[in-house]
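Q: sequence and predicted structure, then a few things I'm wondering about:
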Amino acid sequence: MAEKVLMKGNEAIAEAAIAAGCRHYYGYPITPQTEIAAYMAKRMPKIGGVFLQAESEIAAINMVYGTASAGYRVMTSSSSPGISLKSEGLSYIAGSDLPSLVVNVQRGGPGLGSIQPGQSDYFQATKGGGHGDYHMIVLAPASVQEMASLTVKGFDLADKYRMTSMILADGTMGQMMEPVSFEHIEVKTYDKPWALTGTRGKRKHNIITSLSLVPKELEEWNFSRYERYRLIEENEVMYEEFMMEDAEVCIVAFGISARVSQNAIRMARAKGIRAGMIRPITLWPFPKAPLAKAADKVRAFISVELSMGQMIEDVELATRCKRPVLLCNRVGGMIPSPESVLAKIEEAMGGDRT
Amino acid sequence: MSTTQILIAGFGGQGVLFAGKFLAYKGMLEEKQISWLPSYGPEMRGGTANCSVIVSDTPVGSPIVTEPDVLVAMNLPSFDKYENDTVKGGLILVDSSLIERKAVREDVSVFYIPATRMAQEAGFPTLANMILVGKLLRECPEMGYENTEAALKKVVSAKHMDLFDLNLKAIDMGYRFA
């Protein structure tokens, strides 16, 4: 059996990033993700890496921009308000086709909000946040082990497709401890002929920029980026099905909401109600196909999320509104109880549905 | 197949999180599925703090303990807040040197341990938490005393191994308390 250690989700992200070959971390403290920076501050100097506490989130993301340009694996992390500050940089990184890993351990919002868990940055993460047409690969861990494994995966996908991978976690995932193993981590390396590494007078210089003043060229550039996005939607969707074989009600939930929903599904099953769950692991690309397939089998969907109802729109789109999609949510740092999810399952099974 | 949901609650500084971590490691050494979730934020600096620990034979769903099988109450606000949430037939351990009132519930097992006073008299005033943990090991059949030393070695940092013996003493004191 693999050696397991007990670690906070935040620490697992940091350790996994190091295992994935990341030697450059820039950040600015904010609850509930500060353990990532603390861990990096302790470890990076010992392994010849760089830990730098920037003067602001904006500075940190631009340091990521610079380091990514030079072809190094690089990351930053923050929580909701800090990610808003980084959004300009995220758009520039996307526009420059650079790989990076950005962690958002979400808290309640909007504004300064609370420091308790939230998932209300779903739109920001999956639909943009910064300006312009772009996507990030958005990974949603639901355990401390996944905080680690998806960090490694995030670096790989970022390098493979030259774009940002975002770990979209929440305060619970960041703060909780579970056993985690760092064995069997497979690190892939990618050639980066585009990187700014110095020409030594031997090759034509590379240019990293997001600027293109010729509309036709910028349009082509956008088209080619979206061609890559199409490949990602085809090849990189990840999700997990839980008790879906005979399910009549399908919960869709990620992160802490999926963990709570698991309890609710077991409670429903104990009462003879056939509930199941499709848990998106990639929020972008969204698991549209399995949801569309489920829409032919189940009576209803329930989107369980810590927001006023953001992912529910993607569930409705993916299922072409073939079945009713109910919302079960809490916000502001509150988390739905398994009982409230169960009540929603019962509502989906009975009651009037048109 | 069993799942034990434990809630340890008190003031920041009483070692609520440390006690939870010990129980989590003990479960891990016994190859159980475990989760540990602290309350976090300003309450860690002296307000009420609590810690959810789940030890289970099956994968842990939600890590949040809302209806504890075992409640360790280390101050009155926590006892007031969580007594009613404890499951029927559950176990409540009360630090009776800090909490004067008795339990209202009659459908749970309640043990009153003057842990803070015992810890002070024994010369390790900060280890009331581990005295209560000792009692928990005794009274909660799913936990038991096995692997206590090994789990303690995991949570007492190498720099503070001098505290290992004191922690063990505190656990034993609670375990033997009648």
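A: Everything's here; your move.

Q: low-confidence ranges, the chain, go.
A: Here I'm looking at chain A. Filtered on pLDDT under 70, chain A yields the residue ranges A:1-2, A:351-354.

Q: let me rephrase: I mean chain B.
A: B:1, B:41-46.

Q: around chain A, pick out the residues from it.
A: B:21, B:24-25, B:28, B:34-38, B:40-41, B:59-64, B:66, B:154 (CB under 8 Å from any CB of the partner chain). From N, CA and C alone the C-beta is placed, and that goes for glycine too.

Q: domain assignment for chain A?
A: A:5-235, A:240-349 (automatic domain parsing).

Q: of those, give the one that comes closest to residue B:84.
A: domain A:240-349 (14.8 Å; CB to CB).

Q: the closest one and chain B, any residue contact?
A: Yes - Domain A:240-349 lies within reach of chain B by CB under 8 Å from any CB, at A:256, A:259, A:260, A:261, A:262, A:263, A:266, A:335, A:337, A:338.

Q: quick revisit: now, which of the residues of chain B next to chain A lie within strands?
A: B:34, B:35, B:36, B:37, B:38 (DSSP state E).

Q: could the residues you listed be laid out in JSON lines, adding neighbour count?
A: Listed next are those as JSON lines, based on neighbours: other CB atoms under 10 Å in any protein chain shown:
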{"residue": "B:34", "neighbour count": "24"}
{"residue": "B:35", "neighbour count": "28"}
{"residue": "B:36", "neighbour count": "29"}
{"residue": "B:37", "neighbour count": "26"}
{"residue": "B:38", "neighbour count": "21"}
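
Q: now, the most widely separated pair of these?
A: B:34 and B:38 (14.0 Å).

Q: please enumerate the helices of the stretch 1-150 of chain A.
A: A:9-19, A:34-43, A:57-69, A:80-95, A:122-126, A:144-161 (DSSP state H, counting those that start in this stretch).

Q: my read: residue B:11 touches residue B:74, true?
A: Yes - counting by CB atoms under 8 Å, residue B:11 does reach residue B:74; the two are 7.0 Å apart.

Q: so for residue B:121, which of the domains of chain A sits nearest?
A: domain A:5-235 (32.3 Å).

Q: SS state for residue A:333?
A: What DSSP: H, G, I helix; E, B strand; the rest coil gives for residue A:333 is coil.

Q: does residue A:323 count as helix, strand or coil?
A: Applying three-state DSSP: residue A:323 is coil.

Q: check residue A:283 too.
A: Classified using three-state DSSP, residue A:283 is strand.

Q: let me know the outermost residue of the chain.
A: I'll assume chain A. residue A:201 (40.4 Å; CA atoms, centre = their mean).

Q: wrong one, I was asking about chain B
A: In chain B, by CA atoms, centre = their mean, residue B:159 is the one farthest from centre (23.5 Å).

Q: how close does that one sit to chain A?
A: 14 Å (CB to the nearest CB, to the nearest Å).

Q: show me the contacts for residue 68.
A: Picked chain A for this. A:74, A:93, A:98, A:99, A:100 (CB atoms under 8 Å, 6 or more residues apart in numbering or on different chains).

Q: ah, I was thinking of chain B
A: Residue B:68 touches B:5, B:6, B:7, B:82, B:85, B:86, B:87, B:90, counting by CB under 8 Å, 6+ apart.

Q: returning to what we had before: looking only at neighbour counts, state which of residue B:11 and residue B:74 leads.
A: residue B:74 (28 against 17; other CB atoms under 10 Å in any protein chain shown).

Q: need the helices for chain B, in chain order.
A: B:16-29, B:76-82, B:115-122, B:128-139, B:148-155, B:162-176 (DSSP state H).

Q: would you list the phi and psi of the closest residue to residue A:341 other than its chain neighbours?
A: Take residue A:341 and drop its neighbours on the chain: the residue closest to it by CB to CB, 6 or more residues apart in numbering or on different chains is residue A:264, 3.5 Å away. Backbone geometry at residue A:264, expressed as degrees, to the nearest 10, gives phi -60, psi -40.

Q: ok, the one 3 residues further on next?
A: In this entry, residue A:267 is assigned phi and psi values of phi -60, psi -40 (degrees, to the nearest 10).

Q: quick check: residues of the stretch 1-150 of chain A near chain B?
A: A:4, A:6, A:31, A:32, A:115, A:116.

Q: surely the first one is in contact with residue A:177?
A: Pointing back at residue A:4 there. No - if you go by CB under 8 Å, residue A:4 and residue A:177 don't touch, sitting 11.4 Å apart.

Q: more neighbours: which of those two?
A: Applying other CB under 10 Å to residue A:4 and residue A:177 shows that residue A:177 carries more neighbours, namely 27 against 15.

Q: now the strands for the stretch 101-250 of chain A?
A: Here the stretch 101-250 of chain A has its strands, by DSSP state E, counting those that start in this stretch, at A:137-139, A:164-170, A:177-180, A:239-242, A:249-253.

Q: need the contact partners of the longest one.
A: In other words, strand A:164-170. So strand A:164-170 is in contact with A:9, A:13, A:90, A:93-94, A:98-107, A:117-119, A:121-122, A:125, A:136-141, A:147, A:150-151, A:153-155, A:157-158, A:254-256, A:283, A:306, going by CB under 8 Å, 6+ apart.

Q: what angle sits between it and helix A:57-69?
A: With axes from the mean of the first three to the mean of the last three CA atoms, to 10 degrees defining the directions, strand A:164-170 sits at 140 degrees from helix A:57-69.
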